[in-house]
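K.L.:
sharing a model prediction with you, sequence too.
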Amino acid sequence: PISIGHAYIHGGDEDQQLLPSNIWNTSVSSSFAEFQRITEMTNFSHGIGLPGRVFASAQPAWITDVMDDNNFPRAGNKEDIGLHGAFAFPVLSGDRVVAVLEFFHSVPAIPDHDLLAVLAKVGAQLGRVSERREADIAIRESESRFRNFAEAASDWFWEIDANLCYTRFSGRNEEISGISSDKNVGHSRMEILQDILTEEEKANVEKWAEHNALMARREAFQDFSYSVNRPDGSVIHLRVNGLPTFDEEGLFAGYRGTARDETSEVAAREEEAAARALLLDATESLEDGFALFDAEDRLVLHNKPFKEMVDGLVRDTLRIGSTFEELVAKWATGGGYDLTASQLKSFVEARMEQHRNLPSTNIYRVAGGEWVQVSERRTSDGGCVLVRHPITELKQTEEALRASEEHMRRLIDIAPEAIVVTDEAMMIQIFNSGAERAFGYKASEVVGQKVEILIPDRFRAGHDGGVRAFADSDAVERTMNERANIASLRKNGEEFPAEA
């Protein structure tokens, strides 16, 4: 009779060992406590011990007396363990050994080949049972994973039959829609929707005709959105997915699907669209060109003046989604800037360096002799705001002023009289050639110096007072006969009379 039995389990696809289990069959377990202890501490690889032999061959094996067997490690130093005859057989899943069942006699036992043949069949049957159990577990796990994923991505499940009537709801349907699920069961989908669709949805006849035609063709649908009225008068926005189902004979059985409340997302999109429209409206009211780039340096939006400034010189430069570098390179090579061919590469590199180091304000000469001032500032999300301001008239005014000043400077310089011009702080700004001859200084020696360098010490305080009195009066000039005689001081210390 069998005294004790035990099951070794395969550790897994990547584990090439049999692991002991707590599955035992023994009538007098206390008699074999030491053997049980050793077994529960011992793993077996291919070919090692009785379980390892079966593991390697995938065939039953018999040992007449384990005490005489050279491949039975659990016998230790051959001390009597109370067990002698033994046999084992594999539990197979296909060609794979998933377990080895071993049994022991308290006395030596002659091999019974008929019994081994039966045990081989038993092992195969147990394997098929194991396969079905593993398949059931895998299916349950798969269904659980699918349900978890679906629940995470949706608010409720729904099912309709072949007549497109609702048969089941689960999840947050009642909470979100405000309508009892039991009230909807047994009614067709379109029958229910006609009572709760918003007027705007009902007016979109083409949209619903296409959707109903799709379902009539028994096709799946995904991300179908529509809006419905709740009993409390509020509007919610739903997004649904549906898959057609078929019975074993291939006949249409209905649809199963998920629904998700996307009201908050729709509200967020509407708010974003409103903010975007407000921003566009604000930028369109500007005379300056305005452009916005995102954190990836791609063009997000621009106003009409910016487009006129850019595309007006190089057609089709602006493309939403283009990077700043792409726009600069295209505009430069297209002749947008007043550059020679040899200047293009270095200019684009310098322009990109300016763009990377914000904030910045730079002035550029563009095609046609026009001038623009470009100001760039970084946004909080890492993007960039660019304002392009035309300054051609300002540059022309500056050029005219510089030309006028230069012309006046030349006239002053060729005048035979000594002419000294100071600013309001009495710092010398102009010292013509006549003054150089009269005072003995070079212009470079006195420009930027206080005018008192040209006045004797004893007259400096009075001169400052006279200048302040003139500045505080309503007079803006003095005629020739109103000028005062003053003492002046040459570089060599010599005094001479002059008019001021």
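P.N.:
Looks like it came in fine.
K.L.:
state the distance from the residue nearest to N71 when sequence neighbours are not counted to S57.
P.N.:
Distance criterion C-beta to C-beta, 6 or more residues apart in numbering; nearest residue to N71, sequence neighbours excluded, is G49 at 6.3 Å. (C-beta placed from N, C-alpha, C; glycine too.) When distance is defined by C-beta to C-beta, to the nearest Å, G49 is 13 Å away from S57.
K.L.:
one more: N229?
P.N.:
Distance of N229 to S57, given as C-beta to C-beta: 72 Å.
K.L.:
do the same with D95
P.N.:
In this view, D95 and S57 are 12 Å apart by C-beta to C-beta.
K.L.:
between those two, which one's more packed in?
P.N.:
Neighbours were counted for D95 and for S57 using other C-beta atoms under 10 Å; S57 has more, 13 against 7.
K.L.:
what distance do you get for that one to L50?
P.N.:
According to C-beta to C-beta, S57 stands 11 Å off from L50.
K.L.:
swap in I196?
P.N.:
Distance, I196 to L50, using C-beta to C-beta: 71 Å.
K.L.:
what's the answer for H211, then?
P.N.:
67 Å.
K.L.:
more crowded one of these two?
P.N.:
Taking neighbours as other C-beta under 10 Å, H211 and L50 compare with L50 leading, 25 against 17.
K.L.:
name the next helix or strand downstream of the lowest-mean-pLDDT helix or strand in the chain, please.
P.N.:
Least confident helix or strand of the chain, by mean pLDDT, DSSP states H and E, is helix 113-153 with a mean of 71. In the C-terminal direction, the helix or strand that comes right after helix 113-153 (DSSP states H and E) is strand 156-160.
K.L.:
now that following strand: mean pLDDT?
P.N.:
Regarding strand 156-160, the rounded mean pLDDT is 88.
K.L.:
report pLDDT for S180.
P.N.:
The score at S180 is 82. That number is its pLDDT.
K.L.:
then V314?
P.N.:
68.
K.L.:
equivalent analysis for A295, please.
P.N.:
A295 is assigned 90 on the pLDDT scale.
K.L.:
you'd agree it is in a helix?
P.N.:
No - counting by DSSP: H, G, I helix; E, B strand; the rest coil, A295 falls outside a helix, being coil.
K.L.:
quick check on the nearest residue to it once chain neighbours are set aside: phi, psi?
P.N.:
Excluding the flanking residues, the one nearest A295 by C-beta to C-beta, 6+ apart is G382, at 3.6 Å. The phi/psi pair for G382 (degrees, to the nearest 10) reads phi 90, psi 0.
K.L.:
neighbours around G382, how many?
P.N.:
Neighbour tally, G382, other C-beta under 10 Å: 11.
K.L.:
then G369?
P.N.:
10.
K.L.:
list the contacts for it?
P.N.:
Contact partners of G369, counting by C-beta atoms under 8 Å, 6 or more residues apart in numbering, are 338, 392.
K.L.:
ok, the one 4 residues further on next?
P.N.:
Under the criterion of C-beta under 8 Å, 6+ apart, the neighbours of Q373 are 361-363, 388-389, 391.
K.L.:
about what we covered before: I figured the residue nearest to N71 hits D69, correct?
P.N.:
No - look at G49 against D69 with C-beta atoms under 8 Å: they stay out of range, at 9.2 Å.
K.L.:
who has more neighbours, those two?
P.N.:
Using other C-beta under 10 Å as the criterion, G49 and D69 rank with G49 on top: 24 against 15.
K.L.:
for N43, see how far away the more buried one is.
P.N.:
10 Å.
K.L.:
same question, W156
P.N.:
According to C-beta to C-beta, W156 and N43 sit 49 Å apart.
K.L.:
cool, N357 as well?
P.N.:
Taken as C-beta to C-beta, the span from N357 to N43 is 65 Å.
K.L.:
what comes up buried for the one helix or strand V348 maps to?
P.N.:
Applying DSSP H and E as the criterion places V348 in helix 344-356. Within helix 344-356, the residues scored as buried using 16 or more other C-beta atoms under 10 Å are 347-348, 351, 355.
K.L.:
cool, stretch 47-56 as well?
P.N.:
By 16+ other C-beta under 10 Å, the buried positions in stretch 47-56 come out as 48-56.
K.L.:
now it, how far from the centre of its chain.
P.N.:
Mean C-alpha position of stretch 47-56 versus that of the full chain (C-alpha atoms, centre = their mean, to the nearest Å) differs by 55 Å.
K.L.:
now L197: closest residue in space that isn't a chain neighbour?
P.N.:
V228 is the one closest to L197 (C-beta to C-beta, 6+ apart), at 5.8 Å.
K.L.:
residues contacting the residue nearest to N71?
P.N.:
42, 71-74.
K.L.:
go on, V54?
P.N.:
V54 neighbours (C-beta under 8 Å, 6+ apart): 60-61, 88-90, 97, 100, 102.
K.L.:
okay if I get those residues as TSV plus secondary structure and neighbour count?
P.N.:
Shown next, in TSV, are these (DSSP: H, G, I helix; E, B strand; the rest coil; neighbours: other C-beta atoms under 10 Å):
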residue	secondary structure	neighbour count
P60	coil	23
A61	strand	21
A88	strand	28
F89	strand	27
P90	strand	28
V97	strand	23
V100	strand	27
E102	strand	21
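K.L.:
right, I'll call it a day here.
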